[in-house]
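*Asks:* got a predicted structure here, sequence first:
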Amino acid sequence: MRKYVFLLIICLPIIGAADFHQGNLFKIKLIAEHQEVECEYTFPSNYMCKTNGNELEDRQARKQLLLFYQQLHLHHGVTAGEMVANLQNKGYKNIQFLDVRWLDDHGRLFTWIWEKD
C-alpha cells in the first residue's frame, strides 16, 4: 500500500505541470475593459496572439498562451464562470465576453463561452 501512495505523490507534480501543449488546439477570445485579446495555439507549434489588434511575436504569443492557460486553470471540469472569476482575480476588469476552446490530446473539443448579461 505504501508503494502506491508514494507513486501517487511522485506523479502529482507532473500532472499539475500540464500545459496546453497536451492538446491539439487552445484558443481564447477575451473582451474586457480596454482590452481585446485573441490567442490561438495549434499543434505542433503554431502560436498567434493579438492584443487590441497588435500581433505579438511568436515567443511572446507562446508566453501569453501559457499565462492564460495557467490563469484559467483549464481542465475538463472547469466552468466558464470559474474562468471569468480567475481572470478577474488576475487583473482583467469588467469582462464582457470570454470564448475558450480546447481540443485535448484525445480529440475531444471543449468549448466554454461566457457573456456578460
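*Replies:* Alright, I've got the coordinates. In this text, all values refer to a predicted model and were calculated from it rather than measured experimentally.
*Asks:* could you point out which element follows the lowest-mean-pLDDT helix or strand in the chain?
*Replies:* Within the chain, confidence by mean pLDDT, DSSP states H and E is lowest for helix 2-16 among all helices and strands, at a mean of 34. Downstream of helix 2-16, the first helix or strand assigned by DSSP states H and E is strand 25-32.
*Asks:* and the most centrally placed residue in the chain, what are its phi and psi?
*Replies:* With distances taken as Cα atoms, centre = their mean, the residue of the chain nearest its centroid is residue 69 (2.7 Å). Main-chain dihedrals, residue 69, degrees, to the nearest 10: phi -60, psi -40.
*Asks:* tell me how far it lies from residue 107.
*Replies:* 19 Å (Cβ to Cβ, to the nearest Å). The C-beta positions use only the backbone N, C-alpha and C, and glycine is treated the same way.
*Asks:* next up, the contacts around residue 94.
*Replies:* Applying Cβ atoms under 8 Å, 6 or more residues apart in numbering to residue 94 gives the contacts 32-33.
*Asks:* where does it sit: helix, strand or coil?
*Replies:* When classified by DSSP: H, G, I helix; E, B strand; the rest coil, residue 94 comes out as coil.
*Asks:* distance of it from residue 88?
*Replies:* For residue 94, the distance to residue 88 equals 9 Å [Cβ to Cβ].
*Asks:* so the residue nearest to the centre of the chain touches residue 26, yeah?
*Replies:* Yes. With contact defined as Cβ atoms under 8 Å, residue 69 reaches residue 26; the gap is 6.5 Å.
*Asks:* quick one: residue 93 and residue 31 touch, right?
*Replies:* No. Using Cβ under 8 Å, residue 93 makes no contact with residue 31, being 11.7 Å away.
*Asks:* between those two, who's got more neighbours?
*Replies:* Neighbours per residue (other Cβ atoms under 10 Å) separate residue 93 from residue 31, with residue 31 holding more: 17 against 10.
*Asks:* and the more buried one, how close does it get to residue 94?
*Replies:* For residue 31, the distance to residue 94 equals 10 Å [Cβ to Cβ].
*Asks:* now find how far off-centre stretch 94-113 is within its chain.
*Replies:* Distance of stretch 94-113 from the chain centroid (Cα atoms, centre = their mean, to the nearest Å) equals 8 Å.
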